[in-house]
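next one to model:
(one chain, ligands or ions: 2)
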Amino acid sequence: MTHRQFITLTVNGDRREVVVTPEMLLLDVLRDGFGLTGTKRGCTSGACGVCTVQGDDGRAVLSCLSLAIQWDGRSVTTIEGVAGPEGLHPVQQAFLEFGAVQCGYCTPGLVMTVKALLDRTPAADAAAIDEALAGAICRCTGHIKVKEAARQAVLRLQAAAQEQAHGPAQG
Ligand code: FES
Ligand code: FES
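Ligands and ions are numbered 1, 2, ... in the order given. Down below sits the predicted model:
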């Protein structure tokens, strides 16, 4: 008989108990347990990045390589939790404006990858963006627009932080 156990997992601020088996992936719990299908299933071997979510330490996590049981008592953010009441997150907005979304299958993973990078490294330069996106595959955009969008998101987040610190720019 397969051993089952309850774990407590907080996803996008929603704390729930879910039953898991030892081999169940975080990806399975998010999609099948929580119904959050924005996190995509791709290679399931860590090679494409479409399953990326953000862990409670702010880092990007490949949910296809992470066992659900390891997340007992912890929290994750998925693409469904990124936009706020005021609208899209600056990373999402930049993706839209810079044409970084085509078929969209990779988009949640790419947005989570860039968001995780910028949350931890707000002044990420082009090399850091390239490195963060190195493990993510997009078959449609060729990554150029994705990287442009990520660089634009850095500028916008920096401008927003400055405005918060010093008030809106005059002129
Ligand atoms: S599905 Fe997780 S890296 Fe491809
Ligand atoms: S937009 Fe289609 S795979 Fe990236």
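
now the strands for this structure?
Counting by DSSP state E, the segments of the chain that form strands are 5-11, 14-20, 52-55, 60-62, 74-77.

so which of these is nearest ligand 2?
With CB to the nearest ligand atom, the closest approach to ligand 2 among those belongs to strand 52-55: 12.8 Å. Just so you know, the C-beta spots here come from the backbone N, C-alpha and C atoms, and that holds for glycine as well.

centre of the chain to the closest one, how far?
Distance of strand 52-55 from the chain centroid (CA atoms, centre = their mean, to the nearest Å) equals 5 Å.

any bit of it sitting next to ligand 2?
No: using CB under 6 Å from any ligand atom, strand 52-55 never reaches ligand 2; the gap is at least 12.8 Å.

which strands or helices does that strand pack on?
Applying 3 or more CB pairs under 8 Å, 6 or more residues apart in numbering; DSSP states H and E, we find strand 52-55 packed against strand 60-62, strand 74-77, helix 107-120.

before we move on, the earlier item: export the strands of the chain to a markdown table and tack on mean neighbour count, distance to residue 142 and mean pLDDT?
A markdown table is the format used below for these (neighbours: other CB atoms under 10 Å; distance: least, CB to CB, whole Å; pLDDT from 0 to 100):
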| stretch | mean neighbour count | distance to residue 142 | mean pLDDT |
| --- | --- | --- | --- |
| strand 5-11 | 16 | 32 | 97 |
| strand 14-20 | 14 | 36 | 96 |
| strand 52-55 | 24 | 19 | 98 |
| strand 60-62 | 23 | 21 | 98 |
| strand 74-77 | 19 | 27 | 98 |
